[in-house]
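Q: Fold the following, please.
(one chain, ligands or ions: 1)
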Amino acid sequence: MATFLKKPLKLALVQLASGVDKTVNLSHARSKVLEAAKAGAGLIVLPECFNSPYGTNFFPKYAETLLPSPPTIEQSPSFHALSAIAAEANAYLIGGSIPELEPSTQKYYNTSLVFSPTGALIGTHRKTHLFDIDIPGKIQFKESDVLSPGNKLTVIDLPEYGKIGLAICYDIRFPEGAMIAARQGAFLLVYPGAFNTTTGPLHWALLGRARAVDNQSYVALCSPARDLDAAYHAYGHTLVADPSANIVSEAEDKETIIYADLDNDSIANIRSGIPISTQRRFDLYPDVSAGQK
Ligand SMILES: NC(=O)CC(=O)C(=O)O
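A: Got it, this is the predicted structure:
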């Protein structure tokens, strides 16, 4: 039987309620991550923009400098908090995302930081597809007013478990990155995200299940809790889809932690029963994963 996930993994997704105070957000994230670790989670995920409100007017105010790495604590309190939390929890930690300012170019990014159980930085992802939408009478949002897009896809190796693909929110609407990660062996595709009360009911679970069925991998979507006093109303509904595209765990809109037990058999069985990964007709269409590393 093929191995994608080297040993069973308890995954925890923290649907965090964040506010305007970054220091409070960081210490609240710490307590929820430690709670998840106590429950046995080996990989813990925070939501998109977990240390700030979500909105283009907030990004410059909350942005931190991550390069050159490692930043000082003054340059990035969130980097240092996440590193310390991962080590204290003794778990892999995907730090949702934070607004980043790259000093040499003065460009802003929406960036995710991933830490090992020793607190070492093992990966970063800058949101590659910016959330620019206009649904008249419902929602207008233009991340590109402030943010620049990242220019790389991200696959990270968790040595004890295997590979994961990492992308942020709107990135999930573009299936190519997920397929590349899966074809490189990822057992899990993780999306810290903040859909809203218009696009969430329409597409959030559908996209999570779609990326799972396309790639026969686990998919994790981690949202902030909904705050009706905030300018942006996050959908919530943090969820995990299994490699057969069943939703195995899903939150409502309030703060909570959801868990899922991931195992290799669930991946290997569906891939052997419906072997789409070996049935592709690259003679009819290009192999989108060719040349990616
Ligand atoms: N917030 C996002 O990046 C994406 C989103 O809400 C959507 O695609 O819908």
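Q: Can you name the residues in contact with stretch 95-112?
A: Stretch 95-112 has contacts (CB atoms under 8 Å, 6 or more residues apart in numbering) with 16, 45-52, 58-60, 62-67, 78, 82, 94, 113-115, 124-127, 143, 146-150, 154, 166, 168, 192, 222. In short, each C-beta sits where N, CA and C put it, glycine included.
Q: mind checking the end-to-end distance for that stretch?
A: 6 Å (CA to CA, to the nearest Å).
Q: Also stretch 88-101?
A: 27 Å.
Q: Buried residues of it, list them for me.
A: Across stretch 88-101, burial judged by 16 or more other CB atoms under 10 Å covers Ala89, Ala91, Tyr92, Leu93, Ile94, Gly95, Gly96, Ser97, Ile98, Pro99, Glu100, Leu101.
Q: What of stretch 141-157?
A: Here stretch 141-157 shows Phe141, Glu143, Val146, Leu147, Ser148, Pro149, Gly150, Leu153, Thr154, Val155, Ile156 as buried, counting by 16+ other CB under 10 Å.
Q: again, but for stretch 206-218
A: Leu207, Gly208, Arg209, Ala210, Arg211, Ala212, Val213, Asp214, Asn215, Gln216, Ser217, Tyr218.
Q: could I get these as a markdown table with pLDDT?
A: Listed next are these as a markdown table, based on pLDDT from 0 to 100:
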| residue | pLDDT |
| --- | --- |
| Leu207 | 99 |
| Gly208 | 98 |
| Arg209 | 98 |
| Ala210 | 98 |
| Arg211 | 98 |
| Ala212 | 98 |
| Val213 | 98 |
| Asp214 | 97 |
| Asn215 | 98 |
| Gln216 | 98 |
| Ser217 | 98 |
| Tyr218 | 98 |
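Q: Need the max-distance pair from these.
A: Within these, two members stand farthest from each other by CB to CB: Leu207 and Gln216, at 15.9 Å.
Q: Could you give the backbone dihedrals for Val45?
A: The phi/psi pair for Val45 (degrees, to the nearest 10) reads phi -120, psi 140.
Q: Report the contact partners of the closest residue to Tyr218 other than its chain neighbours.
A: Of all residues not flanking Tyr218 in the chain, Leu188 sits nearest, at 4.4 Å (CB to CB, 6 or more residues apart in numbering). By CB under 8 Å, 6+ apart, Leu188 lies in contact with Leu5, Leu11, Leu43, Ile164, Gly165, Ser217, Tyr218, Val219, Ala220, Leu262.
Q: nearest to Ser277, of those residues?
A: Ser217 (10.1 Å).
Q: Secondary structure class of Ser69, three-state.
A: Three-state assignment for Ser69 (DSSP: H, G, I helix; E, B strand; the rest coil): coil.
Q: Could you pull up the mean pLDDT of the lengthiest strand in the chain?
A: In the chain, assigned by DSSP state E, the strand with the most residues is strand 107-115. For strand 107-115, mean pLDDT is 98.
Q: Give me the residue ranges of the protein where confidence is low.
A: Within the chain, the stretches with pLDDT under 70 are 291-293.
Q: mind listing the strands for the stretch 101-250 of the chain?
A: 107-115, 121-126, 132-135, 139-142, 154-158, 162-166, 188-192, 218-222, 239-241, 247-250 (DSSP state E, counting those that start in this stretch).
Q: how about stretch 10-22: buried residues?
A: Lys10, Leu11, Ala12, Leu13, Val14, Gln15, Leu16, Ala17, Ser18, Lys22.
Q: Check stretch 187-206 too.
A: 187-200, 204-205.
Q: Is the nearest residue to Leu46 once chain neighbours are set aside in a helix, a strand, or coil?
A: Among residues not flanking Leu46 along the chain, Gly96 sits closest, at 3.5 Å (CB to CB, 6+ apart). What three-state DSSP gives for Gly96 is coil.
Q: Perfect, that will be all.
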